[in-house]
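>>> Below are the sequence and a predicted model for it; my questions follow.
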Amino acid sequence: MRAIVIHAEKDLRVEERETLPPGPGEVQVALAVGGVCGSDLHYYNHAGFGAVRLKEPMILGHEVSGRIAALGAGVTGLSEGDLVAISPSRPCGTCKYCVEGLRNQCLNMRFYGSAMPFPHIQGAFRETLVCDATQCVKAEGLSAGEAAMAEPFSVTLHAARRAGDLLGKRVLVVGCGPIGALVIAAARRAGAAEIVATDIADNALGYARRMGADTTLNVAADPQALAPYLPDKGTFDVMFECSGSEPALAQGIATVRPRGVVMQLGMGGDMKIPMQTITTREIDLRGSFRFHEEFALAVHLMRTGLVDLKPLISHTLPLDRAVEAFDTANDRRQAMKVQIAFN
Ligand SMILES: [Zn+2]
Ligand SMILES: [Zn+2]
């Protein structure tokens with residue numbers, strides 16, 4: 001079976017790997033679709049991000065769906081042929097954070113396609129994946145592409161949960177890549193009254209509108225576009241920072257009202273922040289990282305038709321064009337979510 005392996009910056013290869021049978025409690029999945037994530041792109045473009053560096057070849061990928069090909073001993077509730085969304089979140093279940101219920105903060109997390117630990121955690125972009133049955137959520141009724149959107153959507157459901165009550169709130173979303181666009185879908189579902197979204201690319205803002213943004217602003221074309229939201233100590237109750245850009249973070253914070261919440265999702269490494277505004281407006285600055293229990297909810301919201309994420313899938317390319325898929329995902333003027341078809 002073939003897998004997509006990152007060796008170094010801009011050195012992405014499709015390579016042969018051994019096909020393994022499922023062990024007890026495991027399933028073997030014929031992968032259907034894998035979505036290219038911003039973190040996959042960081043490994044492709046820069047061999048890492050922040051302090052995380054690629055130190056050995058690593059199979060990329062963590063946004064995947066597939067069909068059950070074989071069941072290991074003792075697996076119930078799944079059948080051969082089932083379409084499943086596969087959660088890449090694999091906490092240990094026994095460390096102090098797992099015991100507290102903070103599974104996304106697990107000390108021994110084995111999240112697919114991550115160079116944070118060494119040896120690196122190999123990813124899921126492979127034609128045949130063996131995983132725990134408990135990672136699988138049935139996705140019948142969805143397309144394989146939609147099922148693979150469960151992972152990035154989970155990230156934004158977790159962020160929406162961290163943000164607290166969104167019912168009737170005025171929300172600013174800074175940066176409308178796939179995560180920003182999915183934050184809009186999550187915030188809309190959670191009852192936001194008004195959603196304003198910013199980006200520097202018109203293509204991204206088009207997707208933001210399709211996901212339910214009321215107002216979209218191109219802050220490259222008009223650097224003053226957020227000015228109407230500055231008076232009276234700011235407008236927004238909640239800001240989701242999804243760009244990882246230091247100037248975008250600062251511009252956004254200026255529009256957050258007293259006692260507002262700034263949710264940081266963007267991964268741009270360490271940044272300078274306008275701490276004086278945080279202090280004097282009593283703003284809550286919160287981080288959000290990955291997810292765990294939100295994964296099943298993400299699949300549920302799609303299966304019941306409460307959210308439709310299909311419009312975000314802009315490109316689907318076959319496995320043998322993996323490098324082209326990554327280069328396409330890098331071009332924000334034309335791409336939103338780029339997916340790779342494995343089977
Ligand atoms: Zn991702
Ligand atoms: Zn743990």
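Noted; the coordinates are in hand. Ligands and ions are numbered 1, 2, ... in the order given.

>>> Would you map the helices across the chain?
Ranges of helices in the chain, per DSSP state H, are 38-46, 96-100, 144-147, 150-163, 178-189, 202-210, 246-253, 275-280, 294-303, 322-329.

>>> for the fifth one, packing partners?
So that's helix 178-189. Contact here means 3 or more Cβ pairs under 8 Å, 6 or more residues apart in numbering; DSSP states H and E; on that basis helix 178-189 packs against helix 150-163, strand 170-174, strand 194-199, helix 202-210, strand 236-241. Every C-beta, even on glycine, is put in place using the N, C-alpha and C of the backbone.

>>> Can you redo the ones you listed as a markdown table, where the extra columns are mean neighbour count?
Shown next, in a markdown table, are the helices and strands packed on helix 178-189 (neighbours: other Cβ atoms under 10 Å):
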| stretch | mean neighbour count |
| --- | --- |
| helix 150-163 | 25 |
| strand 170-174 | 28 |
| strand 194-199 | 25 |
| helix 202-210 | 20 |
| strand 236-241 | 27 |
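
>>> Near ligand 2, which residues of this protein? Just list them.
Pro91, Cys92, Cys95, Cys98, Cys106 (Cβ under 5 Å from the ion).

>>> rerun that using 8 Å as the cut-off
91-99, 103, 105-109 (Cβ under 8 Å from the ion).

>>> what's the closest of the residues you listed to Ala8?
Nearest to Ala8 among the residues of the chain next to ligand 2, counting by Cβ to Cβ, is Met109 at 24.5 Å.

>>> before we move on, back to that, pull out the buried members of the residues of the chain next to ligand 2.
By neighbour count, with 16 or more other Cβ atoms under 10 Å, those hold Pro91, Cys95, Tyr97, Cys98, Arg103, Gln105, Cys106, Met109 as buried.

>>> State the number of residues packed around the one residue in the stretch 201-343 of the chain that gets nearest to ligand 2.
For the stretch 201-343 of the chain, the residue closest to ligand 2 is His292, as judged by Cβ to the ion, at 10.2 Å. His292 is flanked by 20 other residues according to other Cβ atoms under 10 Å.

>>> Kindly report the same for Arg110.
Neighbours of Arg110 using other Cβ under 10 Å come to 14.

>>> In contact with the spatially closest residue to Glu26 that is not a sequence neighbour: list those residues for me.
Nearest residue to Glu26, sequence neighbours excluded (Cβ to Cβ, 6 or more residues apart in numbering): Gly72, at 4.1 Å. Gly72 makes contact with Pro21, Pro22, Gly23, Pro24, Gly25, Glu26, Val27, Gln28, Ala133, according to Cβ atoms under 8 Å, 6 or more residues apart in numbering.

>>> circling back: mind putting the helices of the chain into TSV with distance to Gly81?
Below are the helices of the chain laid out as TSV (distance: least, Cβ to Cβ, whole Å):
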stretch	distance to Gly81
helix 38-46	28
helix 96-100	32
helix 144-147	13
helix 150-163	19
helix 178-189	29
helix 202-210	32
helix 246-253	45
helix 275-280	52
helix 294-303	17
helix 322-329	26
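
>>> want to try a markdown table for those, with mean pLDDT and distance to Asp232 as columns?
Putting the helices of the chain into a markdown table (pLDDT from 0 to 100; distance: least, Cβ to Cβ, whole Å) gives the following:
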| stretch | mean pLDDT | distance to Asp232 |
| --- | --- | --- |
| helix 38-46 | 95 | 34 |
| helix 96-100 | 98 | 40 |
| helix 144-147 | 98 | 42 |
| helix 150-163 | 98 | 22 |
| helix 178-189 | 98 | 22 |
| helix 202-210 | 97 | 25 |
| helix 246-253 | 96 | 15 |
| helix 275-280 | 98 | 14 |
| helix 294-303 | 98 | 34 |
| helix 322-329 | 98 | 40 |
